[in-house]
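3D model of this:
(2 chains)
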2 protein chains.
Amino acid sequence: MAELIHVPDASDPRLADYVRLTDGQLRKSLEAEEGLFIAEGAKVIRRALETGHRPRSILMSERWLDSLSDVLPALDCPVYLVSDGTAETLTGFAVHRGALASMTRLPLPSLPDALAGARRIVILEDLVNHTNVGAIFRCAAALDVDAVVLAPRCADPLYRRSVKVSMGAVFSMPYARMEDWHKDLALVREAGFRLLALTPAQDALDLEDAVASAGDRVGLLFGSEGDGLSSHWISEADAAVRIPMSEGALAKGVDSLNVVAAAAIACYALTR
Amino acid sequence: MAELIHVPDASDPRLADYVRLTDGQLRKSLEAEEGLFIAEGAKVIRRALETGHRPRSILMSERWLDSLSDVLPALDCPVYLVSDGTAETLTGFAVHRGALASMTRLPLPSLPDALAGARRIVILEDLVNHTNVGAIFRCAAALDVDAVVLAPRCADPLYRRSVKVSMGAVFSMPYARMEDWHKDLALVREAGFRLLALTPAQDALDLEDAVASAGDRVGLLFGSEGDGLSSHWISEADAAVRIPMSEGALAKGVDSLNVVAAAAIACYALTR
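Numbering: from 1, shown residues only, chains lettered A, B, ... in the order given. Modelled structure (predicted):
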């Protein structure tokens, strides 16, 4: 049974895993150094446990104990009970979704391991927005994608916000992190994937046509929120592919979709 | 030419339109009472002007003047020049995207006026997240939707965050606000729209089949982020429609798409 420990002081070193959760820069280095990530809310924590993640500790207000009463007996980590004020001082925000858990990161598969047996993959260049990364994992899991591959600088799927938005899909969707985008795109191509680079460019192939002729193994490439895929990535792809916009879209001042919408449509088109 | 006025004090009443921009509750009542909305950044401000919106005033740091040098000569509103510190004290955040403009809201069309001539519409129940509302407007504009209809309590498309995420599509996409969802859904149906209620329910029609047999006028209904469409709305629709999930999705803990992804896919399916 997890041990229940009242901790009154936000500066108690036992709570260090939970410090300043809204400070993206600090969390990025802290979580990488410590090999941890934060799961927020009973549903996400339960999902993390079900997918083989081990908690380092749990932090919650005492009134939330019931929300995890089914899982606490089997855990051997400390459960730190804190007041709402201590939680807010510690984390930097009003924790109102119940428990937080600090979990140990599992080793990621190598790129070849992530590709083994996969038919449809999503490859993300340098996305910076954790909400978008989480939402794309959720789409990918829902729409029959087998694995996700991340550029070296793509935002972390295990950042708290990504985890939440993904509905836990970041735990179950296999993903690998590239070490060198150029070599690793080549590796994916050599594994037999046809690489389709999504772009709003007018002269790109229509998505449906590209998908129809893509063959058994397909990789969908998506770029960052501001600029989309870089020209380097597009030139390494087998084809540049566009989602047709309405004729009225440009008149409405809209020349592209956001990356989550584009990923949803492209993954959906692959399943038809 | 817009008049340039240096304002050193964040509590100056001339800056009242810009107070506490991150306080959703306060902004909702203030913007409704005053009939204003806030446009953020030169690109969005320019787009608002192009679509016939009139500025009440503009607020910026002097160093951003060049970013609007093309439009300022034609404006007759005051331009308040403030320091970064004053801007942050006033608005509640570090304004780093350049200018803010307080613009006068245009009267919305009536529901019958919004439907006139429209073939494809999107109808939103009680979405609470402004980012999602903005992203759906962007999808709708890109994918040949003619109008958007909002439930009485759906989040405001002209909230700063919605405007930004929509890339200005909220200015050009006609939309109407329902007064009574029950009567107004009936009005849409009587105007000849087949109402398709998007839901993850297993027994709903496949999206592609529903779209293929939907006829000339189609309304796509989407529900709130947490619970999706209410049962009341689904029962008023002509058909419940689902986007097929992969067989592995449930095993991955994912039983639905987020509302932006669902809207993107459904609008896309309508265009095929």
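
C-alpha from now on. contacts and neighbour counts both.
Noted.

residue numbers of the stretch 51-200 of chain A in contact with chain B?
Residues of the stretch 51-200 of chain A found near chain B (Cα under 8 Å from any Cα of the partner chain) are A:A135, A:R138, A:C139, A:A141, A:A142, A:L143, A:D144, A:M167, A:G168, A:A169, A:S172, A:M173.

switch to 7 Å and redo it
Within the stretch 51-200 of chain A, the positions lying close to chain B (Cα under 7 Å from any Cα of the partner chain) are A:R138, A:C139, A:A141, A:A142, A:L143, A:D144, A:M167, A:G168, A:A169, A:S172, A:M173.

distance of the nearest residue to the first one once chain neighbours are set aside relative to A:A263?
It stands for A:R138. Among residues not flanking A:R138 along the chain, A:S166 sits closest, at 4.7 Å (Cα to Cα, 6 or more residues apart in numbering or on different chains). As for A:S166, its distance to A:A263 is 14 Å (criterion: Cα to Cα, to the nearest Å).

so the two - more neighbours on which side?
The neighbour comparison of A:S166 against A:A263 (other Cα atoms under 10 Å in any protein chain shown) goes to A:S166, with 29 against 25.

so who does that one touch?
A:G134, A:A135, A:F137, A:R138 (Cα atoms under 7 Å, 6 or more residues apart in numbering or on different chains).

just give me the neighbour total for the closest residue to A:W181 other than its chain neighbours.
Distances taken as Cα to Cα, 6+ apart place A:A151 nearest to A:W181, at 6.0 Å, with adjacent residues excluded. A:A151 has 21 neighbouring residues, counting by other Cα under 10 Å.

who's in contact with the helix or strand where A:K164 lies?
In the assignment (DSSP states H and E), A:K164 maps to helix A:160-165. Helix A:160-165 has contacts (Cα under 7 Å, 6+ apart) with A:I38, A:A39, A:E40, A:V44, A:H130, A:T131, A:V133, A:G134, A:A135, A:P157, A:V170.

now, these that are in strands?
A:I38, A:A39, A:E40 (DSSP state E).

these two touch, right, the last one and A:H96?
This points to A:E40. No - contact criterion Cα atoms under 7 Å: A:E40 and A:H96 do not qualify, at 9.8 Å.

center of chain A - which residue?
A:P157 (2.7 Å; Cα atoms, centre = their mean).

show me what contacts it?
By Cα under 7 Å, 6+ apart, the neighbours of A:P157 are A:H130, A:V133, A:G134, A:V163, A:V170.

mind listing which of these are in helices?
Among the contacts of A:P157, the residues falling in helices (DSSP state H) are A:H130, A:V133, A:G134, A:V163, A:V170.

buried members of those into PyMOL, please.
Filtering the ones in helices among the contacts of A:P157 down to the buried ones (16 or more other Cα atoms under 10 Å in any protein chain shown) takes a single PyMOL command:
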select buried, chain A and resi 130+133+134+163+170
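
of the ones in helices among the contacts of A:P157, which is the nearest to chain B?
Proximity of the ones in helices among the contacts of A:P157 to chain B (Cα to the nearest Cα) peaks at A:V170, which lies at 9.1 Å.

so the closest one touches A:I136, yeah?
No - under the criterion of Cα under 7 Å, A:V170 makes no contact with A:I136, lying 9.6 Å away.

how about the secondary structure of the closest residue to A:C154 other than its chain neighbours?
Spatial nearest neighbour of A:C154, excluding adjacent residues (Cα to Cα, 6+ apart): A:D126 at 4.2 Å. Of the three states, A:D126 takes coil according to DSSP: H, G, I helix; E, B strand; the rest coil.

relative to A:P174, how far out is A:D126?
19 Å.

strands along chain A, start to end?
According to DSSP E, the strands that chain A contains are A:3-6, A:36-40, A:55-60, A:78-81, A:100-104, A:120-124, A:147-150, A:175-177, A:194-198, A:205-206, A:218-222, A:239-242.

for B:H6, which of the ones you listed is the nearest?
strand A:218-222 (43.9 Å; Cα to Cα).

now for the closest residue to A:S162 other than its chain neighbours: which residues touch it?
Computed as Cα to Cα, 6+ apart, the closest residue to A:S162 that is not its neighbour in sequence is A:G134, at 4.1 Å. Shown in contact with A:G134 (Cα under 7 Å, 6+ apart): A:P157, A:S162, A:V163, A:V165, A:S166.

hmm, try it at 10 Å
By Cα atoms under 10 Å, 6 or more residues apart in numbering or on different chains, the contact list for A:G134 reads A:140, A:155-170, A:260.

how many residues are close by the closest residue to A:A191 other than its chain neighbours?
Once flanking residues are discounted, A:A191 sits nearest to A:L115: 7.9 Å by Cα to Cα, 6+ apart. Residues contacting A:L115 under the criterion other Cα under 10 Å number 24.

any idea how far chain B is from A:L115?
17 Å (Cα to the nearest Cα, to the nearest Å).

the residue nearest to A:I5 when sequence neighbours are not counted - how many residues pack around it?
Sequence neighbours aside, A:Y80 is the residue nearest to A:I5 in space, at 5.0 Å (criterion: Cα to Cα, 6+ apart). Look at A:Y80: counted by other Cα under 10 Å, it has 23 neighbours.

in contact with A:Y80, which residues?
A:2-8, A:14-15, A:57-62, A:99-101 are the contacts of A:Y80 under Cα under 10 Å, 6+ apart.

recalculate using a threshold of 8 Å.
A:L4, A:I5, A:H6, A:V7, A:L15, A:S57, A:I58, A:L59, A:M60 (Cα atoms under 8 Å, 6 or more residues apart in numbering or on different chains).

which one of those sits closest to chain B?
Nearest to chain B among the contacts of A:Y80, counting by Cα to the nearest Cα, is A:I58 at 21.9 Å.
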